[in-house]
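[1] let's see this in three dimensions:
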Amino acid sequence: MSDDLLNQLLLARGIETPEQREKFLSPQYLRDISDPFLLKDMERAVARILLAVKNLEKIIIFSDYDADGVPGAVVLSEFFKKINYTNLEVYIPNRHTESYGLSEKSISEFADNGAKLVITIDCGITDVTEVKLANELNLDVIITDHHLPAPSGVEGPPAYAIINPKQIGDEYPDKMLCGSGVIFKVVQALIKSGSFEIDKNWEKTLLDLVAIATISDRVPLTDENRVLTKFGLIMLQRTRRPGLMALLAAAKLRQENLNEDDVGFMLGPRINSAGRMSHASEAFFLL
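    Alright, predicted model coming up:
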């Protein structure tokens, strides 16, 4: 590609300065990833999760059933696995028999079974009634989501904490993270809290999952999403997850040559199909 054509394409995307050009063409992980604590409510969410871990409280990971929510559930469960925390349950609704997001039935069952904290992934931002019920049952809810919240003046869910870059008052520089991207920032913040002995590079092992979700959910591959996807694709080309490697083989994809088209048109639809044809928990266990 000629320099003139490249310059025209970049200008058409609104990329004008040398700094913008450098970030777009040559993303760097440390330079281009924002501090997770810039997200509104992050300190409060981290403090509540750390308290739950300290007190051995039962935690529910509640995710959406698509190729964004399911990888996100794996991201968070991998963190708890890393710190050897086992008093948790992953709950993914059945899209054939349950509604999208939290339900009063599931909230009541969580409380009856002794849960003290629910962490949503890729859902929950409009679940006002369900979160109110949780509060009545002494069940704290941390919502992590990327969908549009209620507009100003309209009641939102009274959750213990809400992590969503699109919410009013949030100053996080990238508003277009997918659901898995948002929960990845929570994991980053938990590691950064310094409460666990985790190698600073371990978080990158989760980027294969984040890349799958980011591409599958069709959020813009710009800014932080571009960084997460670039390095996530590198991790996908090297992944040793048995289920993911089996899926690549079934799709007849060469792992070492994986690109965003392979993820968007071959992997993402297959992960989504679990929830459409059976139950999304199958995709969760595969990943």
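[2] please enumerate the helices of the stretch 101-250 of the chain.
    In the stretch 101-250 of the chain, the segments counted as helices under DSSP state H, counting those that start in this stretch are 104-112, 128-136, 179-192, 207-216, 223-238, 242-250.
[3] can you list these in a markdown table and add mean pLDDT, distance to residue 167 and mean neighbour count?
    (Each C-beta comes from the backbone N, C-alpha and C, glycine too.) Formatted as a markdown table, the helices of the stretch 101-250 of the chain follow (pLDDT from 0 to 100; distance: least, CB to CB, whole Å; neighbours: other CB atoms under 10 Å):
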| stretch | mean pLDDT | distance to residue 167 | mean neighbour count |
| --- | --- | --- | --- |
| helix 104-112 | 98 | 21 | 17 |
| helix 128-136 | 98 | 14 | 18 |
| helix 179-192 | 97 | 11 | 26 |
| helix 207-216 | 98 | 20 | 28 |
| helix 223-238 | 96 | 17 | 21 |
| helix 242-250 | 95 | 32 | 14 |
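[4] for the closest residue in space to residue 172 that isn't next to it in sequence, give me its contacts.
    Excluding the flanking residues, the one nearest residue 172 by CB to CB, 6 or more residues apart in numbering is residue 165, at 4.2 Å. Counting by CB atoms under 8 Å, 6 or more residues apart in numbering, residue 165 makes contact with 39, 146, 172, 174-177, 182.
[5] what separates residue 165 from residue 184, distance-wise?
    Separation of residue 165 from residue 184 (CB to CB, to the nearest Å) stands at 12 Å.
[6] do the same with residue 232
    On the measure of CB to CB, residue 232 and residue 184 end up 10 Å apart.
[7] on that earlier part again, which among the contacts of residue 165 count as buried?
    Burial by neighbour count, 16 or more other CB atoms under 10 Å: within these this picks out 39, 146, 172, 174, 176-177, 182.
[8] show me which of those is closest to residue 242.
    Checking the buried ones among the contacts of residue 165 against residue 242 by CB to CB gives residue 182 as the nearest, at 26.8 Å.
[9] setting aside sequence neighbours, what's the nearest residue to that closest one?
    residue 144 (4.9 Å).
[10] which residues touch the closest residue to residue 213 other than its chain neighbours?
    Sequence neighbours aside, residue 180 is the residue nearest to residue 213 in space, at 3.3 Å (criterion: CB to CB, 6+ apart). Residue 180 is in contact with 68-69, 71-72, 75, 121-122, 209-210, 212-214, 217, counting by CB under 8 Å, 6+ apart.
[11] any chance of JSON lines for these, columns distance to residue 223?
    Listed next are the contacts of residue 180 as JSON lines, based on distance: CB to CB, whole Å:
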{"residue": "68", "distance to residue 223": "17"}
{"residue": "69", "distance to residue 223": "22"}
{"residue": "71", "distance to residue 223": "20"}
{"residue": "72", "distance to residue 223": "19"}
{"residue": "75", "distance to residue 223": "19"}
{"residue": "121", "distance to residue 223": "21"}
{"residue": "122", "distance to residue 223": "19"}
{"residue": "209", "distance to residue 223": "19"}
{"residue": "210", "distance to residue 223": "14"}
{"residue": "212", "distance to residue 223": "19"}
{"residue": "213", "distance to residue 223": "16"}
{"residue": "214", "distance to residue 223": "11"}
{"residue": "217", "distance to residue 223": "15"}
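[12] out of those, flag the one nearest to residue 22.
    After measuring the contacts of residue 180 against residue 22 - CB to CB - the closest member comes out as residue 214, at 20.9 Å.
[13] wait, isn't the closest one in contact with residue 228?
    Yes - at 5.7 Å, residue 214 counts as touching residue 228 under the criterion of CB atoms under 8 Å.
[14] between the two, which contacts overlap?
    By CB under 8 Å, 6+ apart, residue 214 and residue 228 have these common neighbours: residue 181.
[15] now the strands for the chain?
    Per DSSP state E, the chain carries strands over the ranges 58-63, 88-91, 115-121, 140-144, 161-163.
[16] show me what the third one is packed against.
    Pointing back at strand 115-121 there. helix 42-54, strand 58-63, helix 69-82, strand 140-144, helix 179-192 (3 or more CB pairs under 8 Å, 6 or more residues apart in numbering; DSSP states H and E).
[17] that one pairs with which strands, and in what direction?
    When pairing is defined by DSSP bridges, strand 115-121 lines up against strand 58-63 (parallel), strand 140-144 (parallel).
[18] next one: it to chain centre, how far?
    Distance of strand 115-121 from its chain centroid, counting by CA atoms, centre = their mean, to the nearest Å, is 15 Å.
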